[in-house]
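Asks: What follows is a predicted protein model with its sequence.
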Amino acid sequence: MSQNLFLTNLLNPVILFFVLGFLIRASGSNFSLPKGLSRFLSLYLVVAIGFKGGACLVESGEMGSQFILASFLGIALSFALPFIAYSILKRTTKIDSKTQAAIAAHYGSVSLVTFITACSFLTIQNIPFAQYMVAVLALMESPAILSGLIVAHNNKSKGEKSSFGKVLKTIAHEIKAEGILLVLLGSFLIGMVTGQPGLEKFSGFLVTPFTGILGFFLFDMGLKVGKEANQLKLFNFPLFSFGLYMPLIGALIALISSKFMGFNVGTTTLMMTLGASASYIAVPAVMQVALPEAKPAIYLPLSLAITFPFNVVFGIPLYYEVAKWFLIL
């Protein structure tokens, strides 16, 4: 592995702002950004990555067989990984089955911020990647929630089992209520319709300030991670280590599959990032409604305070280096 690449990523101002936020909150400070500002930052990033992805996709003409393969792989990964995660948790931890199912759903779904950070990393390194990966990201949100709830559904007694239709309605309701996935898809479509001329008109808002706003957003994420870090003292070693090795399992499966499908290094890195990331927004929202018995004090810090920092600081350059090495074998 290239030590310089890891050092460059670690010294990236975007990552350093994340570390700053974490240290401020972990030190015991109650400092936080206003909720409205935090919401705006996340909304900006969603619109920017969606719009740019759609516009660049039209310009590159990549929407073809590779996109279909990537979509298939993304959906398959999202649906299958929770079953793998649940099987591991059953063998290595003693937490209740409902919480295990909730954790499993988190590790099949995706983290938009991790994905955006990976896109930024590749752009800084001048590494090309397929713009359709934004659409693949959107497709990977729900299958993991569905399979996680299937696991929970199958572990309930007959008297407790809810209808499969109710599970689907819960997912649809939360996606609509949260709205962020709809904004991503809508921005992606607007980018496709307007193309490069539309992107040029918005470049002063969506392109030039993007890195700075990403850094400010990651500062806010660092504050949130630092807040959740207090919960980690309740974690035993098997649970803590799961948050580190489960992303590597997802990334490895994505890596091997990507080679067979002929993706380039940048696209493979993003697919590995998606396979490795864990949701901490959409899935918790669904779990609180569909699986209220599961413990948020376990599944939220696990994805947000362990897996997210690992991926953002160390995982993304690691996935790139491994993809670069493996694809030339």
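Replies: Ah, there it is.
Asks: from here on, contacts and neighbour counts on C-alpha atoms
Replies: Fine.
Asks: State the helix or strand in which the residue lying closest to residue 307 once chain neighbours are set aside lies.
Replies: On the basis of CA to CA, 6 or more residues apart in numbering, the spatially nearest residue to residue 307 that is not a chain neighbour turns out to be residue 243, at 5.2 Å. The secondary structure element spanning residue 243 is helix 237-261 (assigned by DSSP states H and E).
Asks: What is that helix packed up against?
Replies: For helix 237-261, the packing partners by 3 or more CA pairs under 8 Å, 6 or more residues apart in numbering; DSSP states H and E come out as helix 65-92, helix 265-276.
Asks: shaky segments in the stretch 51-200 of the chain?
Replies: Per-residue confidence for the stretch 51-200 of the chain (pLDDT under 70) gives these ranges: 62, 155-181.
Asks: quick one, helices of it?
Replies: Per DSSP state H, counting those that start in this stretch, the stretch 51-200 of the chain has helices spanning 65-92, 97-106, 112-124, 133-139, 141-154, 164-178, 180-201. These are given in chain order.
Asks: Packed most tightly, which of the helices and strands packed on helix 237-261 would that be?
Replies: When the helices and strands packed on helix 237-261 are scored by mean count of other CA atoms under 10 Å, the highest mean neighbour count falls to helix 265-276 (a mean of 29).
Asks: what packs against the helix or strand that that one is followed by?
Replies: On the C-terminal side of helix 265-276, the closest following helix or strand by DSSP H and E is helix 282-290. Helix 282-290 sits against helix 97-106, helix 141-154, helix 164-178, helix 296-301, with contacts defined as 3+ CA pairs under 8 Å, 6+ apart.
Asks: Now do residue 182 against residue 278, distance only.
Replies: Relative to residue 278, residue 182 is positioned 19 Å away (CA to CA, to the nearest Å).
Asks: Check residue 194 too.
Replies: Using CA to CA, we find residue 194 at a distance of 32 Å from residue 278.
Asks: Looking at these two, which is more packed in?
Replies: Neighbour totals were compared for residue 194 and residue 278, and residue 278 leads with 31 against 16 (other CA atoms under 10 Å).
Asks: show me what contacts the closest residue to the more buried one other than its chain neighbours?
Replies: Distances taken as CA to CA, 6+ apart put residue 107 closest to residue 278, at 4.5 Å, once the chain neighbours are dropped. Contact criterion CA atoms under 8 Å, 6 or more residues apart in numbering gives 81, 82, 85, 144, 246, 247, 276, 277, 278, 279, 303 as the residues in contact with residue 107.
Asks: With distance to residue 99 added, can I get these in JSON lines?
Replies: Compiled in JSON lines, those are given as follows (distance: CA to CA, whole Å):
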{"residue": "81", "distance to residue 99": "16"}
{"residue": "82", "distance to residue 99": "12"}
{"residue": "85", "distance to residue 99": "12"}
{"residue": "144", "distance to residue 99": "15"}
{"residue": "246", "distance to residue 99": "16"}
{"residue": "247", "distance to residue 99": "18"}
{"residue": "276", "distance to residue 99": "20"}
{"residue": "277", "distance to residue 99": "19"}
{"residue": "278", "distance to residue 99": "15"}
{"residue": "279", "distance to residue 99": "15"}
{"residue": "303", "distance to residue 99": "13"}
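Asks: Can you tell me which of those is closest to residue 35?
Replies: Using CA to CA, residue 279 comes nearest to residue 35 of those, at 19.8 Å.
Asks: Show the contacting residues for that closest one.
Replies: Applying CA under 8 Å, 6+ apart to residue 279 gives the contacts 106, 107, 108, 109, 110, 111, 303, 304.
Asks: now, the most widely separated pair of the residues you listed?
Replies: Of all pairs drawn from the contacts of residue 279, the widest gap by CA to CA lies between 108 and 304 and measures 14.2 Å.
Asks: neighbour-wise, which of these two wins?
Replies: Of the pair residue 108 and residue 304, residue 108 is the one with more neighbours under other CA under 10 Å, namely 39 against 25.
Asks: Would you agree the more buried one is in contact with residue 144?
Replies: Yes - taking contacts as CA atoms under 8 Å, residue 108 lies within contact range of residue 144: 4.7 Å.
Asks: between these two, what contacts are shared?
Replies: Overlap between the contact sets of residue 108 and residue 144, as judged by CA under 8 Å, 6+ apart, is given by 78, 79, 80, 81, 82.
Asks: can I get the residues you listed in TSV with distance to residue 291?
Replies: Shown next, in TSV, are the shared contacts of residue 108 and residue 144 (distance: CA to CA, whole Å):
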residue	distance to residue 291
78	19
79	18
80	19
81	19
82	15
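Asks: What count of nearby residues applies to residue 35?
Replies: By the criterion of other CA under 10 Å, residue 35 has 8 neighbours.
Asks: so what pLDDT did it get?
Replies: Residue-level confidence at residue 35 comes out at 84, pLDDT.
Asks: going forward can the numbers begin at 410, since that is how I track them
Replies: Okay, using 410 as the starting number, the last item reads as residue 444.
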